[in-house]
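Q: give me the fold of what follows.
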Amino acid sequence: MDLGRYLVEAHLVEGRSVAELARAHGVHRSWIYKLLARYAAEGEAGLVPRSRRPKTSPTKIYDLYEDEIVAIRKELSDAGFDAGAATIHYHLSERHEVVPSVSSIWRVLRARGFVVAQPHKRPKSSYVRFVADLPNEMWQTDITHVYLADDERPVEIINFIDDHSRLCLASVAKEIFTSRDVVGVFTQAGAHHGLPESVLSDNGAVYTASYRGGRGAMETELLKLGIVFKHSRPYHPQTCGKVERFHQTVKKYLGAQDPAATIAELQAQLDRFVEYYNEVRPHRALGRKTPRSVFMARTKARPAQPGIDVEGYRVRHDKVDQAGKVTLRYKSRLHHIGVGRPYRGERITLLVAGANVRILSADGKLIRALTIDPTRNYQGQE
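A: A predicted model of the protein is given here:
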């Protein structure tokens with residue numbers, strides 16, 4: 001017998017007062033009066049415990065909101081964008097003044113079968129993350145590969161992102177990138193966003209030639225600008241984790257589009273994605289702010305080291321090729337210098353003082369003296 005029935009029986013059969021029963025059992029008199037009224041109206045059925053669920057719930061998500069949540073989810077997923085509860089909440093906020101909470105949206109997604117529990121995932125709290133304190137304190141860069149519609153050969157995409165704000169500084173497609181192309185993309189990004197204090201990349205040949213005992217175009221350019229160049233450990237892509245994760249986001253978006261038939265079409269898709277990613281999409285790692293807003297919120301870091309005259313004075317020993325030329329890098333650009341066919345295969349010495357070059361034969365005879373024109377690849381004989 002439950003307490004409600006006991007109190008009713010004690011009052012009606014035993015004749016004990018409501019006040020006495022309330023005192024003895026620690027309940028309020030109004031509840032006993034309510035039980036007596038229900039018993040009088042419905043009999044023993046009126047004493048069955050009833051649900052405490054409210055008849056109305058002002059905060060309930062109505063079917064209209066649920067349908068809109070699902071529609072936004074599908075729209076974002078079909079476009080290849082992030083479609084989590086927080087992102088949907090952001091887009092709902094753009095349309096309505098009062099919207100469901102992120103947790104409520106998540107419950108709708110779970111109820112509709114869009115969210116599946118993955119207990120095997122490692123909790124984010126277990127990761128130790130590094131984030132640069134200021135915009136332009138460090139840029140991350142890497143190259144990834146995708147396929148065009150013909151699916152015959154891969155096309156390369158180089159990405160530069162800001163470590164602090166996750167802002168995509170550049171995303172450029174090309175059939176294959178040379179070290180000079182990498183410098184060109186970096187230069188354009190620097191002109192638009194300002195030069196960084198440091199750059200982080202892997203040990204790819206387009207980034208560094210240190211393992212070959214030389215200095216690549218990117219290394220030369222950063223040294224000249226006073227920018228620190230950092231490299232990840234070999235076979236340890238986690239060091240460049242932010243740009244590696246950005247590759248995945250880009251590829252997810254491209255996978256939802258019609259495959260591009262040309263590099264120009266692929267570049268147009270990348271440009272649309274970068275605009276959305278930087279300006280519209282709230283980033284989870286940024287407290288659901290856009291990368292652009294975070295990038296603009298603080299003072300930018302700048303190169304902290306003095307630039308070095310990487311051209312300087314050099315003495316180089318070389319051999320004239322079969323076309324009568326030698327090559328020389330000046331201001332990160334490779335130039336071909338005409339020596340003359342009569343000197344094919346001969347050993348020569350180049351005395352380099354900045355842009356001024358003197359070419360000597362093996363016995364010390366001056367063959368040619370010139371000033372390199374940086375706008376021309378070939379420095380022909382006059």
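Q: end-to-end on stretch 292-304?
A: Using Cα to Cα, to the nearest Å, the end-to-end distance of stretch 292-304 comes out at 24 Å.
Q: which of the residues in that stretch are buried?
A: By neighbour count on 16 or more other Cβ atoms under 10 Å, the buried set for stretch 292-304 is 292, 294-295, 300-301, 303. Every C-beta, even on glycine, is put in place using the N, C-alpha and C of the backbone.
Q: all strands in the stretch 201-350 of the chain, in order from the N-terminus.
A: 228-231, 313-319, 325-330, 333-338, 347-353 (DSSP state E, counting those that start in this stretch).
Q: distance between the shortest one and the chain's centre?
A: Think strand 228-231. Centroid separation for strand 228-231 versus its chain: 20 Å, with Cα atoms, centre = their mean, to the nearest Å.
Q: returning to what we had before: and which of the buried residues of stretch 292-304 is nearest Trp31?
A: Nearest to Trp31, judged by Cβ to Cβ, of these is Val294 at 55.7 Å.
Q: thinking again about what came up before, need the strands of the stretch 201-350 of the chain in CSV (columns: distance to Arg23).
A: Shown next, in CSV, are the strands of the stretch 201-350 of the chain (distance: least, Cβ to Cβ, whole Å):
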stretch, distance to Arg23
strand 228-231, 77
strand 313-319, 103
strand 325-330, 98
strand 333-338, 97
strand 347-353, 105
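Q: and the closest residue to Ser201 other than its chain neighbours, how far from Gln140?
A: Distances taken as Cβ to Cβ, 6 or more residues apart in numbering put Tyr207 closest to Ser201, at 4.4 Å, once the chain neighbours are dropped. From Tyr207 across to Gln140, the span is 12 Å (Cβ to Cβ, to the nearest Å).
Q: which of the two has more neighbours?
A: Between Tyr207 and Gln140, Gln140 has the larger neighbour count (other Cβ atoms under 10 Å), namely 28 against 23.
Q: contacts only, for that one.
A: Listed by Cβ atoms under 8 Å, 6 or more residues apart in numbering, the contact set of Gln140 reads 160-161, 163, 199-201, 240, 242-243.
Q: looking at those residues, which are in helices?
A: 242-243 (DSSP state H).
Q: which stretches of this protein form helices?
A: Remark: helices assigned in the chain by DSSP H are 3-9, 18-25, 29-42, 63-79, 85-95, 102-111, 179-193, 217-225, 241-255, 263-279, 291-296.
Q: circling back to that earlier point, I figured the residue nearest to Ser201 was touching Arg215, is that so?
A: No. The pair Tyr207 / Arg215 is not scored as a contact, 11.4 Å apart, by Cβ atoms under 8 Å.
Q: what's the end-to-end length of stretch 98-105?
A: 13 Å.
Q: buried set for it?
A: 99-100, 102, 104-105.
Q: and the gap between the most centrally placed residue in the chain and Val357?
A: Central residue of the chain (Cα atoms, centre = their mean): Phe246, 3.8 Å from the mean position. Using Cβ to Cβ, Phe246 is found at 42 Å from Val357.
Q: and Phe229, bridged to which residues?
A: Val199 (DSSP bridges).
Q: these two touch, right, it and Thr220?
A: No. Taking contacts as Cβ under 8 Å, Phe229 lies outside contact range of Thr220: 10.0 Å.
Q: can you tell me which of the buried residues of stretch 98-105 is nearest Arg281?
A: Checking these against Arg281 with Cβ to Cβ, the nearest one is Val102 at 15.4 Å.
Q: for that closest one, what are its contacts?
A: Residues near Val102 by Cβ under 8 Å, 6+ apart: 85-86, 89.
Q: so how far is the first residue of stretch 339-354 from its last?
A: End-to-end distance for stretch 339-354, by Cα to Cα: 19 Å.
Q: hmm, who's touching it?
A: Contacts for stretch 339-354 (Cβ under 8 Å, 6+ apart): 309, 311-326, 328, 357-362, 367-368, 381.
Q: please repeat the previous calculation with a cut-off of 7 Å.
A: Applying Cβ atoms under 7 Å, 6 or more residues apart in numbering, the set of residues contacting stretch 339-354 from outside is 311, 313-320, 322, 324-326, 328, 357-362, 367-368, 381.
Q: ditto for stretch 316-336
A: 180, 183, 217, 220-221, 311, 337-341, 343-350, 352, 355, 357, 372, 374, 377-379.
Q: quick check: buried residues in that stretch?
A: Buried residues in stretch 316-336, defined by neighbour count with 16+ other Cβ under 10 Å: 318, 320, 324-326, 328-330, 332-333, 335.
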